[in-house]
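> Give me coordinates for this.
(2 chains)
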Amino acid sequence: NAGVTQTPKFQVLKTGQSMTLQCAQDMNHEYMSWYRQDPGMGLRLIHYSVGAGITDQGEVPNGYNVSRSTTEDFPLRLLSAAPSQTSVYFCASSYSRGQLTSTGELFFGEGSRLTVL
Amino acid sequence: DAKTTQPPSMDCAEGRAANLPCNHSTISGNEYVYWYRQIHSQGPQYIIHGLKNNETNEMASLIITEDRKSSTLILPHATLRDTAVYYCIVTLRGLTGGGNKLTFGTGTQLKVEL
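Numbering: from 1, shown residues only, chains lettered A, B, ... in the order given. Take a look at the predicted model:
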């Protein structure tokens, strides 16, 4: 298994540009989520999804959109990038209730480093 | 979710046990204690979790006090590769309880030195 795969690993945008951070997992996890991490701070939850077709907001959702059309993919869209969105973005997935195991363990990707000029 | 308090940094000599403390005095009866670590800005990695009994796996041991208001993560023989930020998280377990929506604080920066 590849686990959780994020692309791109690095991206530079200009203010106002749009882009999509991709996240894919091959573990058949129902739960997926996006976090951002700023220097010297912990991870903050942006959006999450408990299954295909279902998404919800986390702690810092403003400026980001998500959709979940398949179990495997959970893209994060920035519609009009702002310098305040310069950050490292992590995608994570886990089993959820109803699957064979549910330890609450999150599996993280390696991160996408975004700079908005 | 209950709030946790961790020291911002700790040092440990290689080969010695690293004992990382965490206070969670407002923990409720059905909340679990989770530990993750993050090595040099990589994605966080799950280490261990527990409810009230002590737990051990191939990576670490988790000691939870009887009143559950604090816990200690023990790395029995720390190596240089254990240098990382360690996060203690208290949360409900399972989907509807929000256990998947982990809240990460700033953690403890553990530095393992020769």
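> and the residue nearest to B:C88 when sequence neighbours are not counted, what does it touch?
Sequence neighbours aside, B:C22 is the residue nearest to B:C88 in space, at 3.4 Å (criterion: C-beta to C-beta, 6 or more residues apart in numbering or on different chains). For the C-beta atoms, the positions are set from N, CA and C on the backbone; glycine is no exception. Shown in contact with B:C22 (C-beta atoms under 8 Å, 6 or more residues apart in numbering or on different chains): B:4-6, B:33, B:35, B:70-73, B:88.
> Could you report the distance from B:C22 to chain A?
B:C22 sits at a distance of 14 Å from chain A (criterion: C-beta to the nearest C-beta, to the nearest Å).
> What separation is there between that residue and A:V66?
According to C-beta to C-beta, to the nearest Å, B:C22 stands 31 Å off from A:V66.
> quick revisit: buried only: go through the contacts of B:C22 for me.
B:4, B:6, B:33, B:35, B:70-73, B:88 (16 or more other C-beta atoms under 10 Å in any protein chain shown).
> Can you lay out those as a markdown table showing secondary structure and pLDDT?
As requested, the buried ones among the contacts of B:C22 are exported to a markdown table (DSSP: H, G, I helix; E, B strand; the rest coil; pLDDT from 0 to 100):
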| residue | secondary structure | pLDDT |
| --- | --- | --- |
| B:T4 | coil | 94 |
| B:Q6 | coil | 97 |
| B:V33 | strand | 92 |
| B:W35 | strand | 95 |
| B:S70 | strand | 96 |
| B:S71 | strand | 97 |
| B:T72 | strand | 98 |
| B:L73 | strand | 98 |
| B:C88 | strand | 95 |
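> Save those residues as JSON lines, and put in distance to B:V112 too.
Shown next, in JSON lines, are the buried ones among the contacts of B:C22 (distance: C-beta to C-beta, whole Å):
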{"residue": "B:T4", "distance to B:V112": "22"}
{"residue": "B:Q6", "distance to B:V112": "17"}
{"residue": "B:V33", "distance to B:V112": "23"}
{"residue": "B:W35", "distance to B:V112": "16"}
{"residue": "B:S70", "distance to B:V112": "23"}
{"residue": "B:S71", "distance to B:V112": "20"}
{"residue": "B:T72", "distance to B:V112": "17"}
{"residue": "B:L73", "distance to B:V112": "14"}
{"residue": "B:C88", "distance to B:V112": "18"}
